[in-house]
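Peer 1: Sequence and predicted structure are below.
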Amino acid sequence: MRAVVQRVSRAKVTVDGVVKGEIGRGVLVLLGISKDDTAAAADYILEKVINLRIFDDFAGQMNLSLLEADCGMLVVSQFTLYGDTRRGRRPSYIQAAPPNDAQGLYDYFVRKAAEKVNPLATGKFQALMEVELVNDGPVTILLDSEKTI
């Protein structure tokens, strides 16, 4: 599982002209699911996201986690994180999970995140979405459940 985590001052996702999810200060998580991912990978990524010390403390140092800073999370599915561009010009998505499998793990991730993060917002799985954000910092972190050591 891969996640691009962006610290934001605000973010929203729109589907068919209607705002589907929106947060103020927090993180936008673009979540990609591979064909080999499991619930354990989702748990790993979620724990990393909510415990990354990427929010400023009273001294202006990045010492606070999402939970400690009491911020929100917007989760957007993004299979293109598994685009392989090593050959040719068209990315191959052979490592991305099939939609039915991916949706199950995406829903699992969102359900687990909702137990820990408030507010939590989402996009719409397998929809064409417009994502708007104001990257705060900018702070952008790439997480990959296969890179644990």
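Peer 2: It's in. Residues are numbered from 1 along each chain as shown.
Peer 1: Was I right to think residue 130 contacts residue 14?
Peer 2: Yes - counting by C-beta atoms under 8 Å, residue 130 touches residue 14, with 4.5 Å between them. C-beta here means a position set from N, CA and C on the backbone, and glycine is covered the same way.
Peer 1: The two: which is more packed in?
Peer 2: residue 14 (18 against 13; other C-beta atoms under 10 Å).
Peer 1: Nearest residue to the middle of the chain?
Peer 2: residue 29 (1.9 Å; C-alpha atoms, centre = their mean).
Peer 1: Pull out the buried positions in the lengthiest strand in the chain.
Peer 2: For the chain, the strand with the greatest residue count under DSSP state E is strand 129-144. Neighbour-count burial for strand 129-144, counted by 16 or more other C-beta atoms under 10 Å, picks out 129, 131, 133, 136, 143-144.
Peer 1: Listing partners with orientation, what would you give for that strand?
Peer 2: Using DSSP bridges, strand 129-144 pairs in its sheet with strand 2-15 (antiparallel).
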